[in-house]
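Asks: What follows is a predicted protein model with its sequence.
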Amino acid sequence: MLSASFTLDPAFTVAPVSRRTFGSFVEHMGRCVYTGIYEPSHPTADADGFRQDVLALTRELGVSVVRYPGGNFVSGYRWEDGIGPVADRPVRRDLAWHSLETNEIGIDEFMRWARKAGVEVMYAVNLGTRGVQEALDVQEYLNQPDRTHLARLRQANGATEPYGITMFCLGNELDGPWQTGHKTAHEYGRLAMETARAMRSAEPGLELVACGSSSSSMPTFAAWEAEVLELTYDAVDYISAHAYYEPVNGDLGSFLASAVDMDHFVTSVAATADSVGAKLKSAKKLKISFDEWNVWYQSAFQATQETEWRVAPRVIEDSYTVTDAVVVGNLLISLLRHSDRVTAACQAQLVNVIAPIRTEAGGPAWRQTIFHPFALTSRLARGEVLRVEPRSPRYDTARFGSVPLLDAVATHDAGSGDVTVFVVNRHLTESLDLVVSLAGFGAGLRVTESWTLADEDLHAMNTADDPERVVPGPAKDADVTDGVLRASLPPVSWTAIRLTTG
Ligand code: AHR
């Protein structure tokens, strides 16, 4: 029998768990907004037209912050199209997703939805087709308390109080040639710096995110970050990172090790940012906003591009397997492990479009497999992230070389005394015995809840007809004896075990 072990100690802390790690993303794309969060004719719709079944699932998912309104969409978006009487709003072409945007949902509606969902909004400004003035205008509309033209316009549109958005993304993926208004690092860095300075002169306390690379496989990766940060370092707080994973040619072994790539991505961006900081003789440390991440069957999407101009077409509505859910759980382990640098992250996206929540127009909303590790990690990761150094058997992967079978992280909430362990077993066919020494915590910890996500069919998924095909169940043999936690981890599984005292 294979086995893996590690030692937990309350003194070995990484950083506090940042609630913003459990962010999501709502883009005006496909059916994320229309027939996703908003469908006035749906039986569960509230007075604002929001689907209450989706609102309930969003709350259950434990989402803390939502990035809005894009994505590639934002790089051609005019925010003022989405305010005022709905009947007067223009229908526009969305070049990013080759669809029609009706603008039925705009800032004021989305902020109402966010309040109902209990989430913070991370707002992305358009630095693709627009610039400093438009960024200042939307900031004024959102945040200026009163007396100015745009504050009064917001008040006339029903929002007396300012929305108080603190986190703004300065554009989206402007390193990508597919992006409307794509720029060189120098062009973007100058624009982001000027925009950041202007926005900050109105509100010094803003948290601003400069665009990093749209993926670590971009030819300009790291060089883009270095040049952008040399221009923006003093003006921003975050550099963004985006990463999507999928099995390539059916290679599940490499796919299950996707978190190895995410780890490498984070450490590379942090090293690049630190090297710019050193060059600029700055004491400031930039944080990373991993504001797009997920499993995305991107190769399949690239083969099927939209040709007609339609409203809310079905775009990238990936159905997720239990294996995808294990990878998502592992990516969350990676994000938590880097909590000293990654203090915000957004799973892309929330509903229908590569999402944990799926809906049918006029029909049900259900939890995809990837919903479960996200919801459980968001609920159980509390307090401080603990450093974990597992001893684990390894396996060979085509993409990442030799990697450990076990990946793990843990959190400790000093207030409640709770310790939670999050682990994955990446073995395709064999179980792994987990042994965790808890000696540093003294006696008295016991298992109070445990969850494993696994299935004999690695391709099992949840559908509208069978929405509970894959759900988490209790972890096998999870128990603490003599200060040692043991559990049996099935092949291709994600597990969370909560320990409490008394
Ligand atoms: O999330 C889907 C798309 O992926 C986003 O619009 C874009 O930013 C990224 O390339």
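Replies: Sure thing, it's come through.

Asks: so who does the nearest residue to residue 22 once chain neighbours are set aside touch?
Replies: With sequence-adjacent residues excluded and distances taken as C-beta to C-beta, 6 or more residues apart in numbering, residue 22 is closest to residue 378, at 4.0 Å. Every C-beta, even on glycine, is put in place using the N, C-alpha and C of the backbone. Listed by C-beta atoms under 8 Å, 6 or more residues apart in numbering, the contact set of residue 378 reads 22, 61-64.

Asks: Out of those, list just those in helices.
Replies: If you go by DSSP state H, the contacts of residue 378 have residue 61 in helices.

Asks: I'd like the contacts of residue 378 laid out as TSV, including neighbour count, distance to residue 437 and pLDDT.
Replies: Listed next are those as TSV, based on neighbours: other C-beta atoms under 10 Å; distance: C-beta to C-beta, whole Å; pLDDT from 0 to 100:
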residue	neighbour count	distance to residue 437	pLDDT
22	26	28	98
61	23	33	98
62	18	29	98
63	28	34	98
64	19	32	98
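
Asks: Taking the contacts of residue 378 together, which two end up most distant?
Replies: 61 and 64 (9.9 Å; C-beta to C-beta).

Asks: quick one, phi psi at the residue in the stretch 1-150 of the chain positioned nearest to the ligand?
Replies: Of all residues in the stretch 1-150 of the chain, residue 71 sits closest to the ligand, with a separation of 3.0 Å (C-beta to the nearest ligand atom). Dihedral pair for residue 71: phi 80, psi 170, per degrees, to the nearest 10.

Asks: what's the burial count for it?
Replies: 26 (other C-beta atoms under 10 Å).

Asks: I'd like to check which residues are in contact with it.
Replies: Neighbour list for residue 71: 25, 27-29, 96, 124, 172, 292, 348-349 [criterion: C-beta under 8 Å, 6+ apart].

Asks: Scan those residues and report the most crowded one.
Replies: residue 172 (32 neighbours).

Asks: Which helix or strand contains the residue nearest to residue 22?
Replies: Residue 378 belongs to helix 371-380 when assigned by DSSP states H and E.

Asks: Residue 108 now?
Replies: helix 107-117.

Asks: what comes into contact with that helix?
Replies: 26, 37-38, 46, 48, 50, 55, 58-59, 63, 66, 68-69, 79, 82-83, 105, 120-121, 138, 141-142, 154, 157-159, 163.

Asks: contacting residues for the residue lying closest to residue 440 once chain neighbours are set aside?
Replies: Distance criterion C-beta to C-beta, 6+ apart; nearest residue to residue 440, sequence neighbours excluded, is residue 9 at 3.4 Å. Counting by C-beta under 8 Å, 6+ apart, residue 9 touches 386, 439-441.

Asks: What is the lowest-pLDDT residue among these?
Replies: Within the set of the contacts of residue 9, pLDDT is lowest for residue 439 (86).

Asks: From the ligand, how far out is that residue?
Replies: According to C-beta to the nearest ligand atom, to the nearest Å, residue 439 and the ligand sit 44 Å apart.

Asks: Around the ligand, which positions in the chain sit nearby?
Replies: 27, 70-72, 172-173, 214, 292, 348-349 (C-beta under 6 Å from any ligand atom).

Asks: Kindly recompute the last result at 5 Å.
Replies: When proximity is defined as C-beta under 5 Å from any ligand atom, the chain approaches the ligand at 71-72, 173, 348.

Asks: Redo those as CSV? Include pLDDT and secondary structure.
Replies: What follows is those, written out as CSV (pLDDT from 0 to 100; DSSP: H, G, I helix; E, B strand; the rest coil):
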residue, pLDDT, secondary structure
71, 98, coil
72, 97, helix
173, 98, coil
348, 98, strand
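
Asks: quick one: which of these is nearest to residue 445?
Replies: residue 348 (36.1 Å).

Asks: what are the bridge partners for that closest one, then?
Replies: residue 25 (DSSP bridges).

Asks: what's near enough to touch it?
Replies: Taking C-beta under 8 Å, 6+ apart as the test, what residue 348 contacts is 24-25, 27, 71, 242, 244, 292-294, 296, 354.

Asks: Could you give me the buried positions within stretch 420-428?
Replies: 420-427 (16 or more other C-beta atoms under 10 Å).

Asks: hmm, back to that, weed out the non-buried ones from the contacts of residue 9.
Replies: Applying 16+ other C-beta under 10 Å to those flags 386, 441 as buried.

Asks: just to revisit the earlier point, gap between the residue nearest to residue 22 and the ligand?
Replies: 20 Å.

Asks: next one: residue 213
Replies: Residue 213 is 11 Å from the ligand, by C-beta to the nearest ligand atom.

Asks: Please apply the same query to residue 344.
Replies: Counting by C-beta to the nearest ligand atom, the gap from residue 344 to the ligand is 15 Å.

Asks: Following element in sequence after the helix or strand encompassing that residue, please.
Replies: Element membership for residue 344 (DSSP H and E) is strand 342-348. From strand 342-348 onward toward the C-terminus, using DSSP H and E, the following helix or strand is strand 357-359.

Asks: That next one packs against which elements?
Replies: Judged by 3 or more C-beta pairs under 8 Å, 6 or more residues apart in numbering; DSSP states H and E, strand 357-359 is in contact with helix 52-61, strand 365-367.

Asks: Can you give the distance of that strand from its chain's centre?
Replies: The chain centre lies 17 Å from the centre of strand 357-359; the measure is C-alpha atoms, centre = their mean, to the nearest Å.

Asks: Give me the contacts around that strand.
Replies: Counting by C-beta under 8 Å, 6+ apart, 31, 35-36, 39, 51, 53-54, 57-58, 61, 317, 319, 350-352, 365-368, 371, 464 sit against strand 357-359.

Asks: Just the buried residues of those residues.
Replies: 31, 35-36, 39, 51, 53-54, 57-58, 61, 317, 350-352, 365-368, 371.
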